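> pasting a predicted model and its sequence here:
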Amino acid sequence: MYESTMFVILLILVPILLLVYRRWTTSNPHHKLPPGPRGLPIIGNLHMLGTLPHRAITELAKHYGPIMSLSLGSVPAIVVSSPQAAELFLKTHDTVFASRPKIQVAELYSYGVKGIAFTPYGPYWRNMRKFCTRELLTTKVIDSFAWMRKEELGFFVESIREAASSRVALDVTKIVGELIQDMICRMLFGKSRDVRFDLSGILEEMTETGGAFNIADYFPFLRALDLQGLARRARRTSKDFDEMLELIIDEHEVIGNLEEKNGKEDFVDMLLSLKNRTTGTNDQLGFTFDRANVKAIILDMIFGAVDTSHTAVIWVMSELTRHPRVMSRVQKELEMVVGDNDIVEEAHLSKLDYLYMVVKESLRLHPVAPLSVPHESTEDILVNGYHIPKKSRIIINNWGLGRDSNVWSENALEFIPERFSGSKIDLQGQDFQFIPFGSGRRGCPGLHLGLINIQLLVAQMVHCFDWDLSTGTSPTELEMDEKFGLTMSRLDHLVATPTVRVREKHLT
Ligand code: HEM
């Protein structure tokens with residue numbers, strides 16, 4: 001009884017206090033918030049976002065400008081939608097905007113934010129990130145797994161060849177997802193598929209609960225109630241994931257003591273060799289690297305790598321299927337660089353200039369993270385004359401940036417890879433009109449691996465095979481509807497029938 005009375009009082013009080021605060025901040029000339037649409041009591045602008053928030057937000061930004069404020073429940077949010085504004089938030093004032101908001105489900109999955117992706121800005125995050133970028137995700141380490149990716153790709157091509165010989169339509173979304181998961185698991189654990197665990201099921205549940213709209217993240221005072229049961233589901237899935245990791249780590253500890261791995265260490269081996277080593281010699285706050293850190297980093301790597309690379313490959317394949325002219329140019333380039341009868345090697349990738357333009361064009365129109373990963377401001381700050389309050393959620397509108405006709409010209413919505421020909425615009429985070437991997441302190445540390453995954457898989461798939469849509473569907477009729485979530489994937493799976501292009505003996 002007492003609890004429900006308190007709940008009603010809170011429900012009335014919180015919006016009133018928020019309203020008073022907002023009035024005060026907007027009436028004080030030193031506290032002028034960026035413009036934004038008027039919201040409803042309690043929910044603010046949440047009702048305006050719909051099922052495809054990136055599209056709704058981009059429409060609103062056209063009206064309210066490149067720095068727009070929204071109220072998402074009780075959370076103040078700032079949407080950034082122009083290259084100039086993105087530079088202000090991600091470069092000029094990067095330190096103030098480099099934190100992450102509290103996200104209930106992410107906290108549950110990441111061992112209480114012990115990894116990097118959802119950890120607030122500070123010495124702990126800096127140490128962990130430095131450790132990941134210097135010890136795990138370096139070009140040297142990633143390239144040392146090229147032999148493994150080649151092997152997995154060989155199995156993949158072989159299985160497609162079998163389907164091609166009987167003209168069977170393939171669920172491209174499904175088989176590419178399995179391949180990427182196998183590649184990442186081999187890099188992390190030394191094994192592609194382990195029948196003892198349902199890793200696909202675990203990742204699916206993590207993506208679903210992590211990508212769901214969670215009331216608790218917008219009305220933190222409702223957290224404990226777990227109205228949608230998302231926290232309960234996340235706890236269960238987190239337990240399954242933890243049991244799997246515990247077993248894998250135990251096995252690595254035993255095997256690690258028994259035999260030398262001959263330079264074929266996986267990420268768990270590398271992480272275990274660092275366990276109990278105190279890091280942070282340059283920072284005042286060092287910490288002991290323990291088992292929970294190992295598990296939290298593994299989670300970041302799986303979560304950061306699998307769904308992102310998968311989603312990106314499927315968008316590129318969809319665009320190529322829809323644009324036979326572009327597909328044919330990519331295949332011609334592959335014939336010239338790789339030869340008409342060979343497997344694509346990672347060494348070929350730097351010579352495939354047109355393929356790189358295709359990948360960029362696809363990421364421009366279909367950024368894997370259309371609203372990036374939210375940042376949070378750590379102090380009150382004035383940006384471009386606007387007051388940005390401490391603890392605002394910063395939303396970088398990657399989707400809107402990629403489709404802005406002021407930046408990309410009138411044909412911004414068309415798929416034309418040639419727009420990157422002779423252009424200096426790259427995706428490394430220096431060109432703020434195009435930041436599919438983010439930029440600045442929080443920019444993606446897995447960019448090198450992500451790009452290899454996308455380029456290698458697409459190159460191999462279109463070099464060895466032609467891909468036809470089911471009978472009766474012309475390329476231009478392929479649906480390109482989106483599904484919003486942690487990553488923005490196609491709504492429908494891509495289904496296509498492969499036909500062999502290169503001679504069989506070279507495919508095995
Ligand atoms: C197509 C591939 C990928 C894309 C498009 C992508 C994109 C992104 C984006 C947009 C962010 C957020 C940047 C920000 O907050 O400003 C991010 C962060 C991150 N990514 Fe990636 N990513 C990809 C692949 C990978 C891979 C392969 C890994 C690891 C093996 C990875 C690990 C991470 C981590 C750990 C973070 C969090 C960084 C932090 O908070 O400090 N990503 N990624």
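Good, I have the coordinates. Numbers count the residues shown, from 1 in each chain.
> so residue 395, which of the three states?
strand (DSSP: H, G, I helix; E, B strand; the rest coil).
> try residue 343
coil.
> ok, how many other residues are close to it?
19 (other C-beta atoms under 10 Å). Where you see a C-beta, it was placed from the backbone N, CA and C, and this is true even at glycine.
> surely residue 49 meets residue 57?
Yes: the criterion here is C-beta atoms under 8 Å, and residue 49 meets it with residue 57 at 7.0 Å.
> pick out whichever of the two has more residues nearby.
residue 57 (24 against 17).
> what residues does the host helix or strand of that one touch?
Element membership of residue 57 [criterion: DSSP states H and E] is helix 53-64. Here helix 53-64 makes contact (C-beta atoms under 8 Å, 6 or more residues apart in numbering) with 34-37, 48-50, 68, 70, 79, 81, 370-371, 395, 397, 399-400, 403, 484, 488.
> same check, this time on stretch 352-365
With C-beta under 8 Å, 6+ apart, stretch 352-365 has contacts from 312, 315-316, 319-320, 326, 329-330, 333-334, 337, 349, 402-403, 408, 413, 415-421, 425-427, 434, 436, 451, 454-455, 458-459.
> how about that stretch: buried residues?
Judged by neighbour count using 16 or more other C-beta atoms under 10 Å, the buried positions of stretch 352-365 are 352, 354-365.
> re earlier: kindly export the next helix or strand along the chain from the helix holding residue 57 (C-alpha atoms) in CSV.
Using DSSP H and E, the next helix or strand after helix 53-64 towards the C-terminus is strand 67-72. Provided in CSV are the C-alpha atoms of strand 67-72 (Å, rounded to 0.1, in the frame of the first residue of the first chain):
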residue,chain,number,x,y,z
ILE,A,67,21.5,20.5,-32.7
MET,A,68,18.1,19.6,-31.4
SER,A,69,16.8,18.9,-27.9
LEU,A,70,14.3,16.2,-27.1
SER,A,71,12.9,14.9,-23.8
LEU,A,72,12.9,11.1,-23.7
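> packing partners of strand 67-72?
helix 53-64, strand 75-80 (3 or more C-beta pairs under 8 Å, 6 or more residues apart in numbering; DSSP states H and E).
> just curious, which of the buried residues of stretch 352-365 is nearest to residue 235?
Lowest distance from residue 235 to these (C-beta to C-beta) belongs to residue 363, with 34.3 Å.
> give me the pLDDT for that closest one.
Here, the pLDDT recorded for residue 363 equals 98.
> show me which residues of the stretch 1-150 of the chain sit near the ligand.
For the stretch 1-150 of the chain, the contact set with the ligand under C-beta under 6 Å from any ligand atom comprises 116-117, 129, 137.
> determine the longest helix present in this protein.
Looking across the chain with DSSP state H, the single longest helix is helix 291-322.
> immediately after that one, which helix or strand?
Using DSSP H and E, the next helix or strand after helix 291-322 towards the C-terminus is helix 324-338.
> got the contact list for that next one?
The contact list for helix 324-338 (C-beta under 8 Å, 6+ apart) reads 319-321, 344-345, 348, 351-355, 358, 415, 417, 458-459, 462-463, 475, 501.
> orientation of the helix or strand harbouring residue 357 relative to helix 324-338 in degrees?
Assigned by DSSP H and E, residue 357 belongs to helix 353-365. Calculated by axes from the mean of the first three to the mean of the last three C-alpha atoms, to 10 degrees, helix 353-365 forms an angle of 140 degrees with helix 324-338.
> now helix 353-365 against helix 291-322, angle please.
Here the directions of helix 353-365 and helix 291-322 differ by 110 degrees (the same axes, to 10 degrees).
> tally of neighbours for residue 115?
By other C-beta under 10 Å, the residues close to residue 115 number 26.
> what about the stretch 201-350 of the chain, any weak spots by pLDDT?
For the stretch 201-350 of the chain, applying pLDDT under 70 flags the ranges 256-263, 276-286.
> show me what residue of it gets nearest to the ligand.
residue 304 (2.6 Å; C-beta to the nearest ligand atom).
> I figured that residue hits residue 446, correct?
Yes: with contacts defined as C-beta under 8 Å, residue 304 counts as touching residue 446 at a distance of 5.3 Å.
> intersection of neighbour lists for the two?
Counting by C-beta under 8 Å, 6+ apart, nothing touches both residue 304 and residue 446.
> quick one, what contacts residue 252?
When contacts are counted by C-beta under 8 Å, 6+ apart, residue 252 touches 189-190, 266, 268-269, 272.
> oh, that last question was meant for residue 443, not what I typed.
By C-beta under 8 Å, 6+ apart, the contact set of residue 443 is 429, 435, 437.
> of the residues you listed, which is the most crowded?
residue 435 (27 neighbours).
> and that one, what pLDDT?
98.
> and for it, nearest residue in space, chain neighbours not counted?
residue 429 (5.8 Å; C-beta to C-beta, 6 or more residues apart in numbering).
> does the one you found belong to a helix, a strand or coil?
Recorded secondary structure, residue 429: coil (three-state DSSP).
> so who does the residue of the stretch 351-500 of the chain found nearest the ligand touch?
Proximity of the stretch 351-500 of the chain to the ligand (C-beta to the nearest ligand atom) peaks at residue 446, 2.1 Å away. By C-beta under 8 Å, 6+ apart, the contact list for residue 446 reads 137, 301, 304-305, 308.
> could you redo those residues as JSON lines and give each row neighbour count?
JSON lines is the format used below for the contacts of residue 446 (neighbours: other C-beta atoms under 10 Å):
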{"residue": "137", "neighbour count": "20"}
{"residue": "301", "neighbour count": "24"}
{"residue": "304", "neighbour count": "22"}
{"residue": "305", "neighbour count": "21"}
{"residue": "308", "neighbour count": "23"}
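> which of the contacts of helix 53-64 fall in strands?
68, 70, 79, 395 (DSSP state E).
> how near is the second one to residue 89?
Distance check for residue 70 against residue 89: by C-beta to C-beta, to the nearest Å, it reads 15 Å.
> equivalent analysis for the first one, please.
The spacing between residue 68 and residue 89, counted by C-beta to C-beta, is 12 Å.
> which residues are in contact with both of the two?
By C-beta under 8 Å, 6+ apart, the residues touching both residue 68 and residue 89 are residue 78.
> before we move on, back to that, and the buried ones among the contacts of helix 53-64, selectable in ChimeraX?
In ChimeraX syntax, the buried subset of those is picked out as below (16+ other C-beta under 10 Å):
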select :34,36,48,49,68,70,79,81,370,371,395,397,399,400,403,484,488
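> of the contacts of stretch 352-365, which ones also sit close to the ligand?
Within those, those near the ligand by C-beta under 6 Å from any ligand atom are 312, 436, 454.
> just give me the neighbour total for the second one.
Other residues near residue 436 number 26, with proximity taken as other C-beta under 10 Å.
> skipping adjacent residues, who's closest to it in space?
residue 363 is the one closest to residue 436 (C-beta to C-beta, 6+ apart), at 4.1 Å.
> quick one: name the residues of the stretch 201-350 of the chain near the ligand.
So the stretch 201-350 of the chain meets the ligand at 300-301, 304-305, 308-309, 312 (C-beta under 6 Å from any ligand atom).
> residues touching the residue sitting nearest the centre point of the chain, list them.
Centroid-nearest residue in the chain: residue 308, 4.5 Å away (criterion: C-alpha atoms, centre = their mean). Neighbouring residues of residue 308 by C-beta under 8 Å, 6+ apart: 368-369, 446, 450, 487.
> out of those, who's the most crowded?
The most crowded member of these, judged by other C-beta under 10 Å, is residue 368 (24 neighbours).
> right, and residue 408 touches residue 401 too?
No: the criterion here is C-beta under 8 Å, and residue 408 misses it with residue 401 at 9.2 Å.
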